[in-house]
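**Student:** I'd like to go over a predicted model; first the sequence, then the structure.
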Amino acid sequence: MKQSHLFTKTRREAPRDELAKNAQLLIRAGYVHKEMAGVYSYLSLGALTLKNIEDIVRKEMNAIGGQEIRMATLHPSEPWKQTGGWDQVDVLFKIDSRTEKEYALGQSEEEIVTPIASEYAPSYKDLPLSIYQIGQKYRDELRAKSGIMRGREFGMKDMYSFHTTQEDFERFYEIVKQAYLRIYSQCGLVAKVTEASGGSFSQKISYEFMVLTDAGEDTILYCTECDYCVNVEVAGETKEGDTCSKCGNSTLQSGVASEVGNVFDLGTRYPKALGFTYKDEEGNEQYPIMGCYGLGTSRLMGVIVEALADEKGIVWPASVAPFTLHLVNAMASDEQAVMYADELYNLFTSRNTAVLYDDRDARAGEKFADSDLIGIPYRIVVGKEALAGNSLELVNRATGEVERLTKEELLQRFTSQSV
RNA sequence: CGGGGUGUCGUAUACCGGUAGUACGUCUGCUUUGGGAGCAGAUAGACGGAGUUCAAUUCUCCGCACCCCGACCA
């Protein structure tokens, strides 16, 4: 995409009332537009980035057998009343209609997915079954905060699985856990798995996936040697400096983290409340064991910004960046440079490399500042050297490292074919 | 929801109980073109309502919005 065509513009300053780093940078760079507290629209760059995150999640969920669906977000009130959620879930948005019918906005989808699964899984032969979707969630938070990290409307992947036995659920949980860890790793993050409290609807243990960041809402204790990690909410007497109870080799450290995913063992609660039974081998009606697996896609985007950004702006890992390359023509008034950069842009785009091409008639300094702010992993600069000696500057956004490469070397490196 | 704070051109800010100023942006013209460049001109603003006052953007109250701390958090 040519940057002269990109309808958003960068800003020098963040709005005074946005203190969260993720919101400041995402707004300044034109990724998001705030509608109200806790509700953001995702603009060109933001939508591309969020889609990349979603695609990583989608690929991993498909790989473990999840089937993607798209559930309604406007819910009938009946299943919510059947499960008790209508009165017990305080963050549930409830809507009155002029027809006097009541609706809910989906804050989670157990009430919707369970009847769907029930319709298509009447037999043990149909289980296990895992269904997921990626879409908007609505929660009537008393206090939205931290930019896009805790909103009233947000993006989430939610998967639900149904099993004939507890053992099968636990087998599947391990598979999901590994997939989640792969997802975070592809997003440039290191996630820790904690045991946490089960929340109001589940007495069973649940797991949270936490990424260390000052912008987080939770405090965790983690081992510096092994993968032991626990949320302080459930840590009991355990405290910082204690010897790790798992490996015994190191002491526990305390840190602030953001929850970027969770897993709940829901047992048979929802199947029971909503009448989902299947027939087992003997023809007896059984309730399936249900698990749910949340992963906040928009929060993940915010956490990536928080964790990787520097004083100049956003730094995206290549896998989630809106573009692979930022092609900057540093000599906008030079006809030769324009032709050279145009040609380079066409070469990359014709080879399906995602390039943002700063073709604007602006000074190089402004372009570099914008490029740093937007945070595309690699910047290619067309300048004097490019015209004179066929050497282009390749700047790594994360490290600042500069390489000088020929056009052919760049094409080789960032496209699947050479010239 | 409890507590605290903030509302001034599109954005960031200044001042002030008496004609609201600056920077960035935007528009026009000229110059400039490797780190947010320069000159000249233009554009555009006091969250809403009530009260105090000769006079309110400024003080008081109510409302609304937003931010922060806490609580909450499938």
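**Tutor:** Alright, I've got the coordinates.

**Student:** Leaving out sequence neighbours, find the closest residue to the residue in the stretch 301-419 of chain A that RNA strand B sits nearest to.
**Tutor:** With distances taken as CB to the nearest atom of the strand, the stretch 301-419 of chain A approaches RNA strand B most closely at A:Gly383, which sits 1.3 Å away. For glycine as for every other residue, the C-beta is placed from the backbone atoms N, C-alpha and C. Spatial nearest neighbour of A:Gly383, excluding adjacent residues (CB to CB, 6 or more residues apart in numbering): A:Ala330 at 4.4 Å.

**Student:** which SSE is A:Arg182 in?
**Tutor:** Assigning secondary structure by DSSP states H and E places A:Arg182 in helix A:166-186.

**Student:** May I see the buried residues of that helix?
**Tutor:** Residues of helix A:166-186 classed as buried by neighbour count (16 or more other CB atoms under 10 Å): A:168-169, A:172-173, A:176-177, A:179-181, A:183-184, A:186.

**Student:** Filtering these by proximity to RNA strand B, which remain?
**Tutor:** For RNA strand B, no contacts are drawn from those by CB under 7 Å from any atom of the strand.

**Student:** I'd like those residues as TSV, with pLDDT and distance to A:Thr83 appended.
**Tutor:** Listed next are the buried residues of helix A:166-186 as TSV, based on pLDDT from 0 to 100; distance: CB to CB, whole Å:
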residue	pLDDT	distance to A:Thr83
A:Asp168	96	23
A:Phe169	95	19
A:Phe172	96	22
A:Tyr173	93	22
A:Val176	97	23
A:Lys177	95	26
A:Ala179	98	27
A:Tyr180	97	26
A:Leu181	97	31
A:Ile183	98	29
A:Tyr184	98	31
A:Gln186	98	35
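
**Student:** Would you check which pair of those lies furthest apart?
**Tutor:** Maximum pairwise distance in the buried residues of helix A:166-186, criterion CB to CB, is 27.4 Å, between A:Asp168 and A:Gln186.

**Student:** and the helix or strand following the helix holding A:Arg182 with RNA strand B, contact?
**Tutor:** Using DSSP H and E, the next helix or strand after helix A:166-186 towards the C-terminus is strand A:191-196. No. In terms of CB under 7 Å from any atom of the strand, no part of strand A:191-196 sits within range of RNA strand B; the closest distance is 8.1 Å.

**Student:** Only the C-alpha atoms, please, for the helix or strand just after strand A:191-196, written as CSV.
**Tutor:** Scanning forward in sequence from strand A:191-196 by DSSP H and E, the next helix or strand is strand A:206-212. Output for strand A:206-212, consisting of C-alpha atoms alone and laid out as CSV, is shown next (Å, rounded to 0.1, in the frame of the first residue of the first chain):
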residue,chain,number,x,y,z
SER,A,206,-8.5,-23.1,35.9
TYR,A,207,-5.4,-22.0,34.1
GLU,A,208,-4.4,-18.6,33.1
PHE,A,209,-1.8,-17.6,30.5
MET,A,210,0.1,-14.6,31.7
VAL,A,211,2.6,-12.3,30.0
LEU,A,212,4.8,-10.1,32.2
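
**Student:** name the helices or strands packed onto the following helix or strand past strand A:206-212?
**Tutor:** Toward the C-terminal end, the helix or strand that comes next after strand A:206-212 (DSSP H and E) is strand A:218-223. The elements that strand A:218-223 packs onto, with contact taken as 3 or more CB pairs under 8 Å, 6 or more residues apart in numbering; DSSP states H and E, are strand A:191-196, strand A:206-212, strand A:229-231, strand A:252-267.

**Student:** Out of the ones you listed, which gets nearest to A:Thr10?
**Tutor:** strand A:252-267 (25.9 Å).

**Student:** what helices or strands is the closest one leaning on?
**Tutor:** Contacts defined by 3+ CB pairs under 8 Å, 6+ apart place strand A:252-267 against helix A:166-186, strand A:191-196, strand A:206-212, strand A:218-223, strand A:289-296, helix A:297-308.
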